[in-house]
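Structure for this input, please:
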Amino acid sequence: MVPVSTSQTAPIAFLKGHGTENDFVIVPDPDNDLDLPPRAVAALCDRRAGIGGDGLLHVVRSAAHPEARAVAGEAEWFMDYRNADGSVAEMCGNGVRVFARYLRRAGHVTAGDLAVATRGGVKRVHIPKDEDGDITVHMGRAALPDTEVTVSVGDRSWPARNVNMGNPHAVAFVADLADAGDLRTEPAVTPAAVYPHGVNAEFVVDRGPRHVAMRVHERGSGETRSCGTGACAVAVAAARRDGTDPAVTGSPVTYTVDLPGGRLVITEHPDGSVEMTGPAIIVAEGHFDPARLETAFA
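Numbers count the residues shown, from 1 in each chain. Okay, here's the model as predicted:
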């Protein structure tokens, strides 16, 4: 691998995309030739000195990446996702849609069904023929550990639902989204041992029947305009709260989830599988100069 550092002078291609304003730096690297250390990722995602983004999508063929070779026969492409601080993450629901949009734009795939490998498992994606149409991701099943969790902001606390969508979430239903505070500071979640690698914290209010709104603090990124796995976790938690668990009723249940950056539609099926549908937009492409990352390696 070639490290992205000041010793490398060749410009490196990138794109910028977002899904409901959850934005990403996209680095195409099919053969996994680039080594992207955490500080380089953080520099690229910096909104003042870099390109800016909530995270980075490293686009690699599964056969070329040691974490995805085992599923290369099932999914040609691996989404090597990094948080804005450079830390590695299991999954990003909005990121998968943007990842799929890039693959089609680049001519790597066509409209229809696609398998994408992630650290949270292989995700099934449907890309519509309409180049600007919403993309649907089969997010897998939610895990609901039977653990009591509390989320706190300042001197206020709420019981939260522990939901895992391939990455961990703590979902709290509140009276007003302003109750979450500014979310620049990570909310306290107890007991801390439940989430040894950190957690995404969602604050949720009702807007109508099967219609909710949320804010989220994503681990490693702070408050973001949207979180796809978080919206799925919120819909699952709301269904349990509302007594509409599809495994019990035998019927799918759909929730509309409003986020600061847009709207996602989440459907949970009786077999436990969760689908997320929403937009994915590529807004720019270009090249970055590795020498400009010098401050990341100081």
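
Return the mean pLDDT over stretch 170-181, rounded to an integer.
Per-region confidence: stretch 170-181 scores 97 on mean pLDDT.

can you list the domains in this protein?
Domain assignment for the chain by automatic domain parsing gives 2-134+281-297, 149-278.

quick check: mean pLDDT across stretch 71-82?
Stretch 71-82 shows a mean pLDDT of 98.

got the CA coordinates for it in PDB?
Provided in PDB are the C-alpha atoms of stretch 71-82 (Å, rounded to 0.1, in the frame of the first residue of the first chain):
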ATOM      1  CA  VAL A  71     -17.200 -12.400   1.000                       C
ATOM      2  CA  ALA A  72     -15.700 -11.400  -2.300                       C
ATOM      3  CA  GLY A  73     -17.800 -14.100  -4.100                       C
ATOM      4  CA  GLU A  74     -20.900 -12.500  -2.600                       C
ATOM      5  CA  ALA A  75     -20.100  -8.800  -2.900                       C
ATOM      6  CA  GLU A  76     -17.600  -7.400  -5.300                       C
ATOM      7  CA  TRP A  77     -17.300  -4.100  -3.500                       C
ATOM      8  CA  PHE A  78     -16.300  -3.300   0.100                       C
ATOM      9  CA  MET A  79     -17.300   0.000   1.800                       C
ATOM     10  CA  ASP A  80     -14.300   0.700   4.100                       C
ATOM     11  CA  TYR A  81     -16.000   3.300   6.200                       C
ATOM     12  CA  ARG A  82     -14.200   5.800   8.500                       C
END
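
what sits up against it?
Outside stretch 71-82, the residues that touch it by C-beta atoms under 8 Å, 6 or more residues apart in numbering are 36, 38, 41, 55-63, 65, 67-68, 88-92, 95-96, 99, 103, 108-109, 114-119, 122. All C-beta atoms are positioned from the backbone trio N, CA, C, and that covers glycine.

Please apply the same query to stretch 107-117.
In contact with stretch 107-117 (C-beta under 8 Å, 6+ apart) are residues 62, 68, 71-72, 74-79, 96, 99-100, 103-104, 122-129.

List the buried residues of stretch 263-275.
For stretch 263-275, a neighbour-count test (16 or more other C-beta atoms under 10 Å) marks R263, L264, V265, I266, T267, E268, S273, V274, E275 as buried.

repeat for stretch 154-167
W158, A160, R161, N162, V163, N164, M165, G166, N167.

now it, how far from the centre of its chain.
17 Å (C-alpha atoms, centre = their mean, to the nearest Å).

average pLDDT across the helix or strand where H138 lies?
Assigned by DSSP states H and E, H138 belongs to strand 135-141. The pLDDT scores in strand 135-141 average 96.

same thing with stretch 112-127?
On average, stretch 112-127 scores 96.

buried stuff in it?
For stretch 112-127, by 16+ other C-beta under 10 Å, it's 114-120, 122-127.
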